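S.K.: Structure, please.
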Amino acid sequence: MSDMISRVAFPSAVFFLASAMFEAHKQSPRAAALFATQQRWLLSHAAVAHFFHPIGDVEPGLSRRSLGLLATFLGLASRNTAYTFFDESMKYGVIQAIDSQVAGHRGRAKPSPDSLSLLALWYNLHFQALDLLDDGQRYVQFSTRWESLLPSIQPVVANALFFTPEVRTPGPLYRIFSWIDSGGWVMDRLIAGVDRQSFPQPERYLTDVSSIAYLARATGLSSAHTSRKISEAQAIGGLGWAGRPGHSPMWISRGFYEEYAAFQAQKLIILDGALANALSGGAAISQGARNCE
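M.R.: Just a heads-up that it's a prediction; the model follows:
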């Protein structure tokens, strides 16, 4: 990971991802809101991966029961939390019944075309970021064949995410936001707003954000909830104001940026390897998947 972070173009890739991910959630805000916490984000990756290729000894197929088993098997959530996630995903069309309806725990479902397109967009943005590092062709390679590549790539990516400590347990500043609804979008917006003309500064990076109320509106959080999380991050030196709070630009600490950047770097490494593996005709099951079977 250090090799990627040390590349001259890496900050540009990080800023691109922050801006692109923040804008992408506006395309399907209701569906995107289902994945707006670290827990639900990992659950969604697990669900789609299991749909394409069964994980471990969990029964094949995407159902309420299998997602509950999968959540506890991977240590992502309780069964009841997984059941709620499944029900909400069905309600808002993120998944849809394979038959006429999903009856009980065993009725099978599949990702909707819109949710698969949203997932493909997520991959496309990350491959564009990777291409910024070396003028590669990953975006073109994936975007022109994503429907055929996704079934082989998604299980590899998901299993790598589950078994990568830096992803499952990111730094303390990242965790403040990643486990609340829409918290990831707060981080995306702050990173996207960094003043790139003066980047990198020694310890603090100014942003173009000065209002907690704006940050709340832009991410769908309440002002009170956003304020609490900002205060938590401020208490451990993660961010602050250049002058009077609410009337001056916010800054983020170098440590905050580095936690965010490290998380992005780990994702990019995982996705880069998965795409290379798929394009070379390699096995679709990663070592992480083998370990849990």
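S.K.: For the rest of this, base every contact and every neighbour count on C-alpha atoms.
M.R.: Noted.
S.K.: Name the helix or strand for the residue minimising distance to the centre of the chain, please.
M.R.: Nearest residue to the geometric centre of the chain (Cα atoms, centre = their mean): Trp41, 5.9 Å. Using DSSP states H and E, the secondary-structure element containing Trp41 is helix 38-52.
S.K.: Against which helices or strands is that helix packed?
M.R.: When contacts are defined as 3 or more Cα pairs under 8 Å, 6 or more residues apart in numbering; DSSP states H and E, helix 38-52 sits against strand 62-63, helix 64-73, helix 146-162.
S.K.: what mean pLDDT does that helix have?
M.R.: Per-residue pLDDT values over helix 38-52 give a mean of 94.
S.K.: Tell me how far that helix lies from the chain's centre.
M.R.: Averaging C-alpha coordinates over helix 38-52 and over its chain gives two centres that are 11 Å apart (Cα atoms, centre = their mean, to the nearest Å).
S.K.: Residue numbering should commence at 24 henceforth.
M.R.: Sure, I'll start numbering at 24, so the last one becomes helix 61-75.
S.K.: Next, the angle from it to helix 169-185.
M.R.: The directions of helix 61-75 and helix 169-185 differ by 130 degrees, with axes from the mean of the first three to the mean of the last three Cα atoms, to 10 degrees as the criterion.
S.K.: what sits up against helix 61-75?
M.R.: Residues external to helix 61-75 that are found in contact with it (Cα atoms under 8 Å, 6 or more residues apart in numbering): 57-58, 78, 83-85, 90, 93-94, 99-100, 105, 108, 133-134, 174-175, 177-178, 181-182, 184-185, 201-203, 207.
S.K.: close enough to count as contact, Val37 and His149?
M.R.: No: in this structure, Val37 is not within contact of His149 by Cα atoms under 8 Å, at 9.7 Å.
S.K.: Okay, strands next: where are they in the stretch 24-173 of the chain?
M.R.: Along the stretch 24-173 of the chain, counting by DSSP state E, counting those that start in this stretch, strands occupy 85-86, 118-120, 131-134.
S.K.: deepest of those strands, which one?
M.R.: Using mean count of other Cα atoms under 10 Å, the stretch among the strands of the stretch 24-173 of the chain with the greatest mean number of neighbours is strand 85-86 (a mean of 26).
S.K.: mean confidence score for that one?
M.R.: Average pLDDT, strand 85-86: 94.
S.K.: Same check on stretch 282-298?
M.R.: Mean predicted confidence for stretch 282-298 is 96.
S.K.: quick one on the thing from earlier: okay, the helix holding Trp64 in PDB with CA atoms only?
M.R.: The C-alpha coordinates for helix 61-75 follow below in PDB (Å, rounded to 0.1, in the frame of the first residue of the first chain):
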ATOM      1  CA  GLN A  61     -19.700   0.900   6.900                       C
ATOM      2  CA  GLN A  62     -21.800  -2.000   8.100                       C
ATOM      3  CA  ARG A  63     -24.400  -1.800   5.400                       C
ATOM      4  CA  TRP A  64     -21.800  -1.200   2.800                       C
ATOM      5  CA  LEU A  65     -20.100  -4.400   3.700                       C
ATOM      6  CA  LEU A  66     -23.500  -6.200   3.900                       C
ATOM      7  CA  SER A  67     -24.300  -5.100   0.400                       C
ATOM      8  CA  HIS A  68     -21.000  -6.400  -0.900                       C
ATOM      9  CA  ALA A  69     -21.600  -9.700   0.800                       C
ATOM     10  CA  ALA A  70     -25.100 -10.000  -0.600                       C
ATOM     11  CA  VAL A  71     -24.100  -9.400  -4.200                       C
ATOM     12  CA  ALA A  72     -21.000 -11.600  -3.900                       C
ATOM     13  CA  HIS A  73     -23.000 -14.400  -2.400                       C
ATOM     14  CA  PHE A  74     -25.500 -14.100  -5.200                       C
ATOM     15  CA  PHE A  75     -22.800 -14.700  -7.800                       C
END
